[in-house]
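Asker: this one's sequence-less:
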């Protein structure tokens, strides 16, 4: 049955006021139009300052509600006793500590650290440096020496027996974690080294219960520092002299060792004078280069001639045609002789025949000359061949000698490198040895003229006994005062942080995500019956004003002014649902609207009881019977105010609320009444309220002040959002009187200011309310309502003036 009602009615916009698409913004994207702080359609919800609906016009990505200064004041006011108790404990403790603490006196002495110190010191690295104050690091080094254990031990040793007894007297019976306090611990604890800004002046302070002892110890610290530094300088100089002597001896041995090694090397390499050897070798190398060059030229020439001879032989040419052969004397003579014979034969051939004796004689001479020419040419070729081979041999020999000489030069260079290295080492060691000897002589001189690198400027004097440095009464009391406030506030905010209960508008709007509709103050003087119609009886002005504030919101709100059926629910029982339901219904009826208060809590019904009505018949009887709904409605409980009781308790409320007759009943009641207020069971205890949700238009969520946890409220509100019905906001109920005045001044006045902006709308409602009241003056119960309306109108006028 329940699923049928959900399918038929949850999405029926025409039946239930166009609220079928309400859901939480970021968790259900398809319904994010109406989530608090994330919708774009709630821009007209009133701009209620820090707690109103101004954020409904913002984008979902914009920042949500933030705590204001008044919120923090509220947190403090709510837990003011935590602050008061912590404040008095700390402040009283500071008073007791201040006036019971032993008086202490502080004496000051001043020393000057000298910037220049001509002392020659030998560092651990062996380099000499000046013990002077050049940088901030140097100054801090001296300050650290002033604070050193050595200085403290020196001061302790300088105390005479009677001075030591006077010094230790105030600390007899005082113990630390390690046992009785020692003189060293007392000196270290009460001494302070205070460098003066932008100078080399240093203040030395010492605190002691005896002002004379304080001055004595402060002066001893200055004297001990100067003496200890002078002793350290002298000791360091003597140590430097000894160190220099040892190093000089080492350097001397090293110099002798290098000299011996150099002599052995010269003997080994035969390098008595490397410079002369290098000059001779260079000259020989140059001469060999020239010989090689000449041999190369001769070889090239011989090779060229020999190649020409080979070419002529291959081409069968006459070798005497070659210039270098024809120029030889024998070949030239034979060539000329052959030429003359040929000329003579040519001449005689004109006169004689070939066999003529003259011709034969010339021919024989020609042949003989030719043979001699051939022999001479061959002899020349043989000579050229021999010259070519000799040139090749000469070039090879010259090249070999040159390579050998170059190798000798390289070896000589290597010898030079090693030789030079030995020479340099010897020179460096000799220079170092001479330098050490010089420094050792200087240091011996300066040992006798050592001076302190600091001097006392102002000696410490005993402070007056009426001016102790501790305790500082003003500072201690101020510290106790502000410390008490600080730690008190810390405790207040820590408790507030750990408190998970709903206590403020910020908790509702920021943590839960619901807008704030109203704050109902705690009513102490009335019983539950009187509270149920407090609006009609005009018993509490502030309660009436807050209900009128909620009524104004519901009338001007874009998404509630057209709603007819409101569901009033809460997280747990006893949060005031019935109280809110009945008085909200009376508020609507007082403004001329016909209102029905329906008790849907079938497990623990309370509406009829609180209004002193019989609960014998009602919703249960209508569902289970056949009578008309009119027979079960208690009419005219107040003017325009009817009540439909539950009719007792039901063993199966879910079946009753899911019945089809319940749906038809709601449809019928919508036609009869302007407003229907449904009082439902709490959500955390049972799920009955969710069965009623499909038949209502909007939900009002009641939260009892300082009663339920935020996580539980969030869970219940999330279930309502999942039902796709709009949750208009929350009502914070049962707020203590002091806190309610804070909320009323900050929250309600702004709602009224927005309410009065709707003049025409409210004037019409006021007119209808007046007509309704005039028509019911004969009713005995109307007197209370008339009084409430009259007082409310008067209070409204007052609020207008306040606004």
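Answerer: Great, that's in hand. Fair warning: this is a prediction, and the values are worked out from it, not measured in the lab. Numbers count the residues shown, from 1 in each chain.
Asker: how about the host helix or strand of residue 81: buried residues?
Answerer: Using DSSP states H and E, residue 81 falls within helix 80-100. By neighbour count with 16 or more other CB atoms under 10 Å, helix 80-100 contains the buried residues 82, 83, 86, 87, 90, 91, 94, 98. For glycine as for every other residue, the C-beta is placed from the backbone atoms N, C-alpha and C.
Asker: Over to stretch 167-176?
Answerer: 167, 168, 171.
Asker: So residue 351 versus residue 337, what's the distance?
Answerer: 22 Å (CB to CB, to the nearest Å).
Asker: Looking at these two, which one has more neighbours?
Answerer: residue 337 (17 against 9; other CB atoms under 10 Å).
Asker: Assumed the more buried one was part of a helix.
Answerer: Yes. Assignment of residue 337 by DSSP: H, G, I helix; E, B strand; the rest coil places it within a helix.
Asker: so who does it touch?
Answerer: residue 369 (CB atoms under 8 Å, 6 or more residues apart in numbering).
Asker: And for residue 608?
Answerer: Neighbours of residue 608 in contact, by CB under 8 Å, 6+ apart: 599, 614, 615, 618, 634, 643, 645, 646.
Asker: at 7 Å instead, please
Answerer: 599, 614, 615, 645 (CB atoms under 7 Å, 6 or more residues apart in numbering).
Asker: how about the third one, phi and psi?
Answerer: Read it as residue 615. phi -120, psi 30 (degrees, to the nearest 10).
Asker: Please report the distance of residue 96 from residue 90.
Answerer: 11 Å.
Asker: As a check, name the ranges of all strands in the stretch 601-750 of the chain.
Answerer: Ranges of strands in the stretch 601-750 of the chain, per DSSP state E, counting those that start in this stretch, are 634-638, 641-644, 675-679, 698-704, 727-735.
Asker: scratch that, the stretch 101-250 of the chain is what I was asking about
Answerer: 105-113, 120-122, 128-130, 175-176, 179-180, 191-195, 201-208.
Asker: biggest separation within the contacts of residue 608, which pair?
Answerer: 599 and 614 (12.4 Å; CB to CB).
Asker: Determine which of the strands of the stretch 601-750 of the chain approaches residue 605 most closely.
Answerer: From the strands of the stretch 601-750 of the chain, taking CB to CB, the stretch that ends up closest is strand 675-679, at 8.4 Å.
Asker: Which of residue 599 and residue 614 has more residues huddled nearby?
Answerer: residue 599 (28 against 11).
Asker: what about the longest helix in the protein?
Answerer: helix 357-447 (DSSP state H).
Asker: OK, contacts around the residue lying closest to residue 688 once chain neighbours are set aside?
Answerer: Among residues not flanking residue 688 along the chain, residue 681 sits closest, at 4.4 Å (CB to CB, 6 or more residues apart in numbering). Neighbouring residues of residue 681 by CB under 7 Å, 6+ apart: 601, 603, 688, 689.
Asker: Reformat the residues you listed as TSV; add pLDDT.
Answerer: Shown next, in TSV, are the contacts of residue 681 (pLDDT from 0 to 100):
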residue	pLDDT
601	91
603	90
688	83
689	84
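Asker: Turn the residues you listed into TSV, columns for neighbour count and distance to residue 393.
Answerer: Shown next, in TSV, are the contacts of residue 681 (neighbours: other CB atoms under 10 Å; distance: CB to CB, whole Å):
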residue	neighbour count	distance to residue 393
601	29	136
603	15	136
688	22	131
689	28	128
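Asker: Between which two of those is the distance greatest?
Answerer: 603 and 689 (11.0 Å).
Asker: Let me know the pLDDT of residue 714.
Answerer: Model confidence at residue 714, given as pLDDT, is 90.
Asker: what's the distance between the closest residue to it other than its chain neighbours and residue 617?
Answerer: Counting by CB to CB, 6+ apart, residue 512 is the residue found nearest to residue 714 once chain neighbours are left out, at 5.7 Å. According to CB to CB, residue 512 and residue 617 sit 38 Å apart.
Asker: about what we covered before: which single one of the contacts of residue 681 is nearest to residue 136?
Answerer: Checking these one by one against residue 136 (CB to CB), the nearest turns out to be residue 689, at 75.0 Å.
Asker: correct me, but that closest one touches residue 680?
Answerer: Yes. Under the criterion of CB atoms under 7 Å, residue 689 makes contact with residue 680 at 4.0 Å.
Asker: Look at residue 141 and say how many residues are nearby.
Answerer: Other residues near residue 141 number 12, with proximity taken as other CB under 10 Å.
Asker: so who does residue 190 touch?
Answerer: Here residue 190 is in contact with 206, 207, 208 (CB under 7 Å, 6+ apart).
Asker: So which elements touch whichever strand or helix holds residue 307?
Answerer: Element membership for residue 307, per DSSP H and E: helix 274-314. Packing partners of helix 274-314 (3 or more CB pairs under 7 Å, 6 or more residues apart in numbering; DSSP states H and E): helix 357-447.
Asker: The helix it packs on: what's the following helix or strand?
Answerer: Using DSSP H and E, the helix or strand that follows helix 357-447 in sequence is strand 454-458.
Asker: if we can go back for a sec, will you turn the contacts of residue 608 into a markdown table that also has pLDDT?
Answerer: Compiled in a markdown table, the contacts of residue 608 are given as follows (pLDDT from 0 to 100):
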| residue | pLDDT |
| --- | --- |
| 599 | 93 |
| 614 | 91 |
| 615 | 89 |
| 645 | 94 |
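Asker: Now those residues in a markdown table, please, with extra columns for distance to residue 441.
Answerer: Compiled in a markdown table, these are given as follows (distance: CB to CB, whole Å):
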| residue | distance to residue 441 |
| --- | --- |
| 599 | 117 |
| 614 | 127 |
| 615 | 122 |
| 645 | 122 |
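Asker: Pretty sure residue 704 is one of the things residue 580 touches, is it not?
Answerer: No. Checked against CB under 7 Å, the pair residue 580 and residue 704 is beyond contact range at 10.3 Å.
Asker: Just the buried positions in stretch 543-557, please.
Answerer: Buried, per 16+ other CB under 10 Å, within stretch 543-557: 543-557.
Asker: re earlier: give the intersection of the neighbour lists for residue 580 and residue 704.
Answerer: Looking at what touches both residue 580 and residue 704 (by CB under 7 Å, 6+ apart), the common residues are residue 733.
Asker: which one of the contacts of residue 681 sits closest to residue 150?
Answerer: residue 689 (82.6 Å).
Asker: quick one, what contacts that closest one?
Answerer: 567, 569, 680, 681, 683.
Asker: Mean neighbour count and distance to residue 375 for the strands of the stretch 601-750 of the chain - can I get that in JSON lines?
Answerer: Formatted as JSON lines, these follow (neighbours: other CB atoms under 10 Å; distance: least, CB to CB, whole Å):
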{"stretch": "strand 634-638", "mean neighbour count": "18", "distance to residue 375": "170"}
{"stretch": "strand 641-644", "mean neighbour count": "24", "distance to residue 375": "164"}
{"stretch": "strand 675-679", "mean neighbour count": "26", "distance to residue 375": "155"}
{"stretch": "strand 698-704", "mean neighbour count": "26", "distance to residue 375": "146"}
{"stretch": "strand 727-735", "mean neighbour count": "25", "distance to residue 375": "142"}
